[in-house]
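> sequence-free structure coming up:
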């Protein structure tokens, strides 16, 4: 079976790499959209195209460029419909994070949902959101296929290297709390800075690692740092180093905004490497079998968000102080769940079943 997976690869997100690997292991031929455009024969023989983040628009676009891209993407969806290419839309978030063009984003998402032959939601919560907005009939083409574990694409760091990273950060036997990922407003780094100040008297080091394209926002963040227990690594962190940071961490801090967030690839990366997290009760977290192995909190507004985030971090610090190995055991439970329920083989078989249903 000939298929297209778009995007085939993203430098800042390994989800596509995982899914391409999962599909190929099922004996499915997978090519990138650029290849199909250069080879019309392959494009016309394609049965299925998977579209991820297709509804998103770059914040660097001008309004005329965003409109032009919206028109071109809309025409592409029409082309797929006319040539009977089955479209699978993957629902990654409730809406695009920090979008400059929310109207185009919403309109294109609606077109994708209407024209797609199937909608893959990475969590059960996605079904509820779609049903509430489009009615129960939409559920006929919705299938829940969770985020795959990262085990097949990660290279674990040696114990010696992990110890070296911790020593370099000045941890020693201190607890290390890490934020890892692109630094954006919806990820609420301000809360991490504030909670670091609250727990400055504890033996805890906070690391904020990741790239920030908005230099003014980064300058604003660093201006809010008061405590001395914060380390910064502001750059695009290569996968190998990112994995090492996750392994070195006792706890990952992911205080995402629930308004746009539905899933988190980082929590699956952490679980794959055996590290627990503090994270809001977003969709993908709700589906974890080992919920008690995560520090999950909920909130209704931003004031409550900080209060409950701080409480969860405080509980994790208390557990670490009481039993040094407590967080390691929690991470181990998460890792076993990834191995048993989220391997690329398991996810690939779910997709193969969906493909067969669509083409027959």
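That came in fine, so what should we check first? The model shown is predicted, which means the values in this text are computed figures rather than measured ones.

> which residue packs closest to the residue nearest the centre of the chain, ignoring adjacent ones?
Central residue of the chain (CA atoms, centre = their mean): residue 265, 2.7 Å from the mean position. Closest residue to residue 265 apart from its sequence neighbours, by CB to CB, 6 or more residues apart in numbering: residue 15 at 5.7 Å. Placement of C-beta: from N, CA and C, glycine included.

> Determine the number of other residues adjacent to the one you found.
Look at residue 15: counted by other CB atoms under 10 Å, it has 20 neighbours.

> hang on, isn't it packed against residue 50?
No - counting by CB atoms under 8 Å, residue 15 does not reach residue 50; the two are 11.0 Å apart.

> ok, residue 103 to residue 191 distance?
Remark: distance between residue 103 and residue 191 (CB to CB, to the nearest Å) = 29 Å.

> let me fix that: residue 308
Applying CB to CB to residue 308 and residue 191 gives a distance of 10 Å.

> And for residue 320?
19 Å.

> what do you get for residue 321?
From residue 321 to residue 191 the distance is 21 Å (CB to CB).

> Over to residue 244?
On the measure of CB to CB, residue 244 and residue 191 end up 25 Å apart.

> cool, and residue 330?
Distance from residue 330 to residue 191, by CB to CB: 22 Å.

> These two: which has the busier surroundings?
Neighbour count, other CB under 10 Å: between residue 330 and residue 191, residue 330 has more, with 23 against 18.

> what's the helix or strand for the more buried one?
Using DSSP states H and E, residue 330 maps to helix 326-341.

> now residue 114
Applying DSSP H and E, one finds residue 114 within helix 102-115.

> Buried residues of that helix, list them for me.
104-105, 108-109, 111-113 (16 or more other CB atoms under 10 Å).

> again with stretch 172-179
For stretch 172-179, using 16+ other CB under 10 Å, the buried residues are 174-179.

> Quick one: mean pLDDT over it.
The pLDDT scores in stretch 172-179 average 93.

> ok, now stretch 127-134?
pLDDT averaged over stretch 127-134 gives 94.

> again with stretch 284-293
Stretch 284-293 comes out at a mean pLDDT of 95.

> which residues sit against it?
Residues outside stretch 284-293 that contact it (CB atoms under 8 Å, 6 or more residues apart in numbering): 122-125, 146-147, 262-264, 267-268, 276, 279, 294, 296, 330-331, 333-334, 336-337, 341.

> May I see the PyMOL selection of the buried members of those?
The PyMOL selection below is limited to those of the contacts of stretch 284-293 classed as buried (16+ other CB under 10 Å):
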select buried, resi 122+123+125+146+147+262+263+264+267+268+276+279+294+296+330+331+333+334+337
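
> which SS class is residue 120?
At residue 120 the chain is in strand, as set by DSSP: H, G, I helix; E, B strand; the rest coil.

> I'd like the distance between the residue of the chain most remote from its centre and residue 176.
Largest separation from the mean C-alpha position in the chain: residue 41, at 34.1 Å (CA atoms, centre = their mean). Counting by CB to CB, the separation of residue 41 from residue 176 is 53 Å.

> Same check on residue 55?
37 Å.

> hey, where'd the strands end up in the stretch 151-300 of the chain?
For the stretch 151-300 of the chain, the strands defined by DSSP state E, counting those that start in this stretch occupy 175-180, 204-209, 230-233, 251-253, 277-280, 295-297.
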